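Undergrad: Attaching a predicted model along with its sequence, questions to come.
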Amino acid sequence: MNFKQIRPQDYKSLKRYFKNQPHSLCTYSLSSILVWSNEQHKPHGAVVGDKTWEDGETLIISVEFSDPEKENQLILPISSAAQTHSPKELSRLAETAGFKKISFVPEDHIKKFGTSSFEAFFEIVEDKKYDDYVYLQEDLAHLKGKNGAKKRNLIKQFEKKYASKNRAVIEPITPENAAECLDFLNVWCKQRDCDADPQEDMACEKEACEKALAHIDTLAFRGILLRVDGLVSAFGIASTLTDDMGALHFEKALTSIKGLYQYFDRECARRLFKGLKYINKESDMGIEGLAKAKKSYHPIMMVKSYDLILNTT
């Protein structure tokens, strides 16, 4: 199996494999895969049968790490015909490709074939750090009921001071204004010391976000930014994940302006996910404060993420 590194310029050749992809974990967004690439974490692709990107039916994606203490891994195969693979097929694939682990396996894929079927070939390990939070689009777009009362109040305060006085303006992210978002990202990350360790999740996320902004018009991302008094103070970037679900990959907002985050989050739901039933807001990466914030919006479900580790006996 001939793996080669995949980059943003490969999007047009690879997108057909993802047209009907069924998995609800944000990992299975091609746009996201292509921007989560850096010196520490490099996605590679191969086509079953060593065919070209244009001729193959099943795409195999691996992640190679520069850190020798981290084990290279596969994710589930992506088929242009939306084919799913049995535990036996996955074990053969991993062995043929020379990998011991398949990561980011959603719980519903395991349930489809049964836990015992997988345990015949793999050890199943949940990776809670990468369980995704999923919400109803209408819940985040309207914040109705008791659960949304506090956030509605904060939104009203922001609207009264900024939106109603035309001090807050929302516009699409384009190649022309993406540099302003990048400037804001640098300020946001400086406040949080994102670059303290280049191998940590925060630093890797910053680099992925930078790539998403650089390719905002070529990787099927859609984004909006919010200006307060003319300055970019928030932005969000999303993509479509499945037929009825989108993923909000990046959402950054100033915390110093009361109600801004709540107002902007509502507008992301309304503007970036119109026509979709669900919004996947990705995982909390094991960050306590991020987990608390995501839970405060009352997800309708968690998409559990598992590692499948090949049995050695």
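TA: That came through, no problem.

Undergrad: packing partners for the helix or strand hosting residue 186?
TA: Following DSSP states H and E, one finds residue 186 within helix 178-192. The contact analysis (3 or more Cβ pairs under 8 Å, 6 or more residues apart in numbering; DSSP states H and E) places helix 178-192 against helix 201-214, strand 222-228, strand 231-242, strand 245-253. For the C-beta atoms, the positions are set from N, CA and C on the backbone; glycine is no exception.

Undergrad: again, only using 7 Å
TA: In this structure, helix 178-192 packs against helix 201-214, strand 231-242, strand 245-253, with contacts taken as 3 or more Cβ pairs under 7 Å, 6 or more residues apart in numbering; DSSP states H and E.

Undergrad: Can you redo those as a markdown table, where the extra columns are mean pLDDT?
TA: Output for the helices and strands packed on helix 178-192, formatted as a markdown table (pLDDT from 0 to 100):
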| stretch | mean pLDDT |
| --- | --- |
| helix 201-214 | 92 |
| strand 231-242 | 97 |
| strand 245-253 | 97 |
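
Undergrad: now the strands for the stretch 1-150 of the chain?
TA: 4-5, 41-47, 58-65, 73-74, 78-79, 101-106, 122-126, 132-136 (DSSP state E, counting those that start in this stretch).

Undergrad: Averaged pLDDT, the third one. What do you get?
TA: To tie it back to what came earlier, the one meant is strand 58-65. Across strand 58-65, the average pLDDT comes to 94.

Undergrad: Can I get that strand in PDB? Just the C-alpha atoms.
TA: Extracted in PDB, the C-alpha atoms of strand 58-65 (Å, rounded to 0.1, in the frame of the first residue of the first chain):
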ATOM      1  CA  THR A  58     -11.600   3.200  -0.900                       C
ATOM      2  CA  LEU A  59      -9.300   5.800   0.600                       C
ATOM      3  CA  ILE A  60      -7.100   4.800   3.500                       C
ATOM      4  CA  ILE A  61      -5.900   7.700   5.700                       C
ATOM      5  CA  SER A  62      -3.100   7.400   8.200                       C
ATOM      6  CA  VAL A  63      -1.500   9.900  10.600                       C
ATOM      7  CA  GLU A  64       2.300   9.800  11.100                       C
ATOM      8  CA  PHE A  65       3.900  11.500  14.200                       C
END
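
Undergrad: quick one: that strand to chain centroid distance?
TA: Centre-to-centre, strand 58-65 and its host chain are 16 Å apart (Cα atoms, centre = their mean, to the nearest Å).

Undergrad: same deal with the first one?
TA: For strand 4-5, the distance from its own C-alpha centre to the chain's C-alpha centre is 21 Å (Cα atoms, centre = their mean).

Undergrad: List the contacts of the host helix or strand of residue 309.
TA: Taking DSSP H and E as the criterion, the element that holds residue 309 is strand 305-310. Here strand 305-310 makes contact (Cβ atoms under 7 Å, 6 or more residues apart in numbering) with 25, 90-91, 94, 100-107, 110, 118, 121-127, 130-131.

Undergrad: Can you check what angle separates it from strand 101-106?
TA: 150 degrees (axes from the mean of the first three to the mean of the last three Cα atoms, to 10 degrees).

Undergrad: For strand 305-310, which strands pair with it and how are they oriented?
TA: strand 101-106 (antiparallel), strand 122-126 (antiparallel) (DSSP bridges).

Undergrad: ok, and the closest non-adjacent residue to residue 159?
TA: Distances taken as Cβ to Cβ, 6 or more residues apart in numbering place residue 263 nearest to residue 159, at 6.7 Å, with adjacent residues excluded.

Undergrad: Okay, the one you found and residue 215: tell me how far apart.
TA: Using Cβ to Cβ, to the nearest Å, residue 263 is found at 27 Å from residue 215.

Undergrad: Please apply the same query to residue 173.
TA: 11 Å.

Undergrad: sorry, back to before: just the buried positions in the strand holding residue 309, please.
TA: Neighbour-count burial for strand 305-310, counted by 16 or more other Cβ atoms under 10 Å, picks out 305, 306, 307, 308, 309.

Undergrad: Show the contacting residues for the spatially closest residue to the third one that is not a sequence neighbour.
TA: Same thing as residue 307. Excluding the flanking residues, the one nearest residue 307 by Cβ to Cβ, 6+ apart is residue 125, at 4.6 Å. Counting by Cβ under 7 Å, 6+ apart, residue 125 touches 306, 307, 309.

Undergrad: at 10 Å instead, please
TA: By Cβ atoms under 10 Å, 6 or more residues apart in numbering, the residues touching residue 125 are 101, 103, 105, 305, 306, 307, 308, 309.
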